[in-house]
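Q: Pasting a predicted model and its sequence here:
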Amino acid sequence: MSGFRKKGQIELVFVLVLVIIGVVAAYSFLYSGTNNNPLPQTGLSDETKVIKDSVMNLARKGLIDNLKTIYKQGGYTQNTNDSIRFGMTDVEVLYDAGNMRSFDFEKELEKNLGEYLTENLAEETDFYGKTAEFDFESLEVDVRIIRGVITADINLPTKVNGIPVSQPYEITVPSDLFDIIRFSDEILLYQNATRFFDMNILDAMARSKPGSGYWMPLSDIITGCENAFFVDKERLVRNFRELIKYTTSHTISSKTESRKPDPFYNTNISTGSIDVAFIYPQWNLEANFEAFPSPALSIPRRLLSMSSYCLAYYNMSYSFRYPVIVYANDEPLGEWFRFAVMVNVRDNNPADEKVVISSGIADYYELCDKKAKCPVKMRVVDAAQKPLSNAAVLFDECVIDTTDSNGIAEGFAPCYAGELTIRKDGMEVFNAFVKSDDLKSVQAVLPSKRITRINLYGVPMKPGTPKSDGVYTDYTAIDRPAALDEFKDDFLVSIQILPTNDVLTESYFLLNIGPGEVRNYIEFEGLPKEEFNFVVTIMDNVNGIIYGYSQFIFDSEGTEEELYLYLPIVTGTYPDYKKRGISIAPNEIIKLTGALTKAGIEPISGSEQR
């Protein structure tokens, strides 16, 4: 037995020795590759994870910071020349007069995130006593924007104490950027196709109510002798700024939303889950706005100078340029993406190029606005010292103001000596050469224009023997003068006043235009005390047959305020020329005027001739 035990013990020891040798050999074989892939030391894996998490947190912060910068500036972290100032930053203009710009968010974020990591990590960085090495030469960033999130895979070869860290660094940021990009693309395409924002403001201008703080006058007829139309650039810019604010604040974007009261301007573009807004920023509107005429002044004049009915017309044209800021809310990120769309209008129509304000308008405002530093306050009254409203006050080419109900006009004039002009319908024009320093408190008197009433009387005439159609041997008065309304027929009277010098321009009157209308007088405003011609035609108001003519020269020197004009009217028949529809020929005018003289009737006189 003992011999057997010794032999078994030796064999067991031998086997154990072989096992130990095998383990050592295996360990030696495994250890032979440690120059490339050392086994981690005790506790190093946890620290490596902490280091990797720190890098990912830094990358996530860099992505969010760059997103916020891009959101504020309209798609770019570095502003281009196509940007406008808004608040503390510049916002990119993505649409301007047909020029539309696109942006590549993913490419921009990849570039900026790579730069951010390079700037905030050194090639060797100490993390918790461990040395981390980063290979920036091999850095690759892949950003993907999908609905609800933004992901970034960052390939940045890293070693911690010489041990590689698994790649990539993967980060995710919740964001609505996918929907924001879709909305932004659609609204830019919509603006390019329809000029949506340009048409909105033009529509609002047409809707603006006269007299309101939003009113932008376009064209209209003014009636009433006491009503004058006057607007200057200061008032127009003030009103226009408020109208722009109204229009942008009443712009919505939804395929389903409808709001009242109107007008709300809907892009009809679905916004999905994001909120959008439109804002007008602070903008130098004065330098980007012009109106023609400017300033605009229109004073109603008496219609044909023969009645108290006054009429005037104005037509305004505008050119301007301003931005609209488009906002889209990224709720998960807590930021609004924003960019600018430029509105360009030239002469009341959307412009196909950037609007630049002309120098001519600028010259006027350089003189009449910027250099108008001398205060003007004046009172305009008539000869009876009654205040005159709506009188236009001008200093040289600069419109100062129109008077209010108390006859007061206030404003500023350039500080030099010039011509003061005051105009009001029915009053004589006031002109004086004055120094602007003398206009601080003055009163101007405008006397009424000379109003001459011309009473119309008809003298019945009988024609002599006919020589041809509308031509007779002579004419004879067959009755005394009578007012026009005493005749059986309705007469349309045409009176033409022709100057014999340059004092009076040609005037033309049509009296009793419609059937049944009978007017026995006209009122002539500002009849000068000069010599001029009267040419009168009398015709039937229904069939247009001419009954007579008269022509004479009249000297109004010493004329009273009332005159009497006598018209030869052929009423007798030889044969019944009215039935035949034949008018008196124009060359009969001398015979007809002579017939008045034969009857002892002056064609025009200062007293009634019965």
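A: Thanks, I have the structure now.

Q: OK, contacts around Glu106?
A: Val143, Arg144, Ile145 (CB atoms under 8 Å, 6 or more residues apart in numbering). Just so you know, the C-beta spots here come from the backbone N, C-alpha and C atoms, and that holds for glycine as well.

Q: could you dump those residues to TSV with pLDDT and neighbour count?
A: Putting the contacts of Glu106 into TSV (pLDDT from 0 to 100; neighbours: other CB atoms under 10 Å) gives the following:
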residue	pLDDT	neighbour count
Val143	95	22
Arg144	96	14
Ile145	95	16
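
Q: Sort out for me which of the residues you listed are in helices.
A: With DSSP state H as the criterion, helices contain none of these.

Q: Next step: those restricted to strands.
A: Val143, Arg144, Ile145 (DSSP state E).

Q: Tell me the one of these nearest Ser317?
A: Nearest to Ser317 among the ones in strands among the contacts of Glu106 is Ile145, at 45.7 Å by CB to CB.

Q: For Thr89, see how far away that closest one is.
A: 22 Å (CB to CB, to the nearest Å).

Q: picking up where we left off before, would you reformat the contacts of Glu106 as TSV and include distance to Val237?
A: Converted to TSV, those look like this (distance: CB to CB, whole Å):
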residue	distance to Val237
Val143	45
Arg144	48
Ile145	42
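
Q: mind pulling up the phi and psi values for Arg241?
A: Here is the backbone geometry of Arg241 (degrees, to the nearest 10): phi -60, psi -40.

Q: Okay, it and Val356: tell me how far apart.
A: 20 Å.

Q: which of those two has more neighbours?
A: More crowded of Arg241 and Val356, by other CB atoms under 10 Å: Arg241, with 18 against 13.

Q: List the contacts of the more buried one.
A: With CB under 8 Å, 6+ apart, Arg241 has these contacts: Leu285.

Q: Please shift the residue numbers so they start at 57 in all later answers.
A: Got it, the first residue is 57 from now on, which makes the last one we talked about Arg297.

Q: hang on, Leu643 in a helix?
A: For residue 643 the amino acid is Asn, not Leu. Yes: Asn643 sits within a helix when classified using DSSP: H, G, I helix; E, B strand; the rest coil.

Q: and it, what is it in contact with?
A: Contacts of Asn643 by CB under 8 Å, 6+ apart are Val527.

Q: which regions of the stretch 57-206 of the chain lie under the pLDDT threshold?
A: The stretch 57-206 of the chain contains residues with pLDDT under 70 at 57-101, 130-137.

Q: And the helices in it?
A: 58-87, 100-129, 161-176 (DSSP state H, counting those that start in this stretch).

Q: and if you look at the chain?
A: Ranges of helices within the chain are 58-87, 100-129, 161-176, 233-250, 252-263, 289-305, 415-421, 633-636, 645-654, based on DSSP H.

Q: how many neighbours does Asn122 have?
A: 20.

Q: measure Lys518 to Ser606 for me?
A: 16 Å.

Q: Contacts only, for Leu648.
A: By CB under 8 Å, 6+ apart, the contact list for Leu648 reads Met517, Tyr531, Gly604, Tyr605, Ser606, Pro624, Val626, Ile640.

Q: Just list whatever residues bridge to the first one.
A: Legend: beta-bridge partners of Met517 under DSSP bridges are Ala533, Val626.

Q: Who are the contact partners of it?
A: With CB under 8 Å, 6+ apart, Met517 has these contacts: Tyr531, Thr532, Ala533, Ile534, Gly604, Pro624, Ile625, Val626, Thr627, Gly628, Leu648, Ala651.

Q: Quick check, Leu495 in contact with Ala469.
A: Yes: using CB atoms under 8 Å, Leu495 is in contact with Ala469, at 6.4 Å.

Q: Between those two, which is the more surrounded one?
A: It is Ala469, of Leu495 and Ala469, that has more neighbours when counted by other CB under 10 Å, with 25 against 22.

Q: Count the residues that sit near Ser194.
A: Other residues close to Ser194 by other CB under 10 Å number 10.

Q: Name the nearest residue to it, sequence neighbours excluded.
A: Pro213 (5.1 Å; CB to CB, 6 or more residues apart in numbering).

Q: so how far is Ser222 from the one you found?
A: Remark: distance between Pro213 and Ser222 (CB to CB) = 11 Å.
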